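> structure for the following, please:
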Amino acid sequence: MKTSLILAAALALSGIAYAAGDKHDHSAKHGGIVVEVKDMDYEIVAKTDLMQIYVSDHGKSAKLDGAKAKVTLLNGSEKSEVELQPAGDKFEAKGAFKVAKGTKGIALITLAGKSATTVRFEVK
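Alright, predicted model coming up:
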């Protein structure tokens, strides 16, 4: 009985320590929309002339060598797609994009050696 109580207390404390150590900043660092998927943060910066996606793992920029990104923008029944290229610590595309309040987006991001991740967002 005493061993069970000690084991239960140890497990509870280790859970508290894990939860406290798992906190990381989810704030937007580039003026975009931050979405967390599978412990990775994706910050989408969607403007009428620029589309960027910053990918980070617990605050550290992810390596984008060999990575791919595509964003599908939805404005009512209108749909457009944008291919983004790795550019340093982010994916980026320049052009003319229909982005306004209420625009919904679906980003499909594939990091080298990993399966594709779907990130959904809405411009506010």
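
> would you mind measuring from the spatially most central residue of the chain to Lys29?
The centre of the chain sits closest to Tyr42, judged by C-alpha atoms, centre = their mean, with a distance of 1.8 Å. According to C-beta to C-beta, to the nearest Å, Tyr42 stands 12 Å off from Lys29. Bear in mind the C-beta positions are built from the backbone N, C-alpha and C, glycine included.

> and for those two, which residues touch both?
Tyr54 (C-beta atoms under 8 Å, 6 or more residues apart in numbering).

> okay, and the beta partners of the residue nearest to the centre of the chain?
For Tyr42, the beta-bridge partners are Val35, Val55 (DSSP bridges).

> secondary structure element holding Val119?
Val119 belongs to strand 117-122 when assigned by DSSP states H and E.

> before we move on, the earlier item: residues contacting the residue nearest to the centre of the chain?
Val34, Val35, Glu36, Ile53, Tyr54, Val55, Ala107, Ile109, Thr117, Val119.

> 7 Å instead, please
When contacts are counted by C-beta atoms under 7 Å, 6 or more residues apart in numbering, Tyr42 touches Val35, Ile53, Val55, Ala107, Ile109, Val119.

> dump the residues you listed into JSON lines; add neighbour count as well.
Shown next, in JSON lines, are the contacts of Tyr42 (neighbours: other C-beta atoms under 10 Å):
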{"residue": "Val35", "neighbour count": "18"}
{"residue": "Ile53", "neighbour count": "26"}
{"residue": "Val55", "neighbour count": "23"}
{"residue": "Ala107", "neighbour count": "25"}
{"residue": "Ile109", "neighbour count": "23"}
{"residue": "Val119", "neighbour count": "23"}
